[in-house]
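Visitor: Pasting the sequence and the predicted model now:
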Amino acid sequence: MQPQFSDIINRSLLTGALRRAESVLLSGGQRTARRNAWDAVCENRRHALDRQESERILVRTAP
């Protein structure tokens, strides 16, 4: 399912607000570490979705 344009805009606004807040609250090193950790979480979620989709395809094509 494709995200709606409004969902993308809302996520973008939220992301911008969170980045502004973190720049005030966190030092540079902490900010980088938090972003790296979040990027890893997002990548793991993408891999999980890919695995689920692959499993669905295999189940549908199994004899």
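Guide: That came through, no problem. Since this is a predicted model, take the numbers as computed values, not measurements.

Visitor: how about the residue most central in space within the chain, secondary structure?
Guide: In the chain, the C-alpha nearest the mean C-alpha coordinate belongs to residue 42, at 3.6 Å (Cα atoms, centre = their mean). At residue 42, secondary structure determined by DSSP: H, G, I helix; E, B strand; the rest coil is helix.

Visitor: What segments of the protein are helices?
Guide: Remark: helices assigned in the chain by DSSP state H are 5-25, 28-61.

Visitor: In terms of mean pLDDT, which of those ranks lowest?
Guide: Mean pLDDT is lowest for helix 5-25 out of the helices of the chain, coming in at a mean of 78.

Visitor: Now do that one and helix 28-61, the angle between them.
Guide: Going by axes from the mean of the first three to the mean of the last three Cα atoms, to 10 degrees, helix 5-25 is angled at 150 degrees with respect to helix 28-61.

Visitor: tell me which strands and helices helix 5-25 is in contact with?
Guide: With contacts taken as 3 or more Cβ pairs under 8 Å, 6 or more residues apart in numbering; DSSP states H and E, helix 5-25 sits against helix 28-61. The way it works is simple: take the backbone N, C-alpha and C, and place the C-beta from them, glycine included.

Visitor: now for the helix it packs on, which elements pack on it?
Guide: Judged by 3+ Cβ pairs under 8 Å, 6+ apart, the packing partners of helix 28-61 are helix 5-25.

Visitor: chain center to the helix it packs on: distance?
Guide: Relative to the centre of its chain, helix 5-25 is centred 13 Å away, using Cα atoms, centre = their mean, to the nearest Å.
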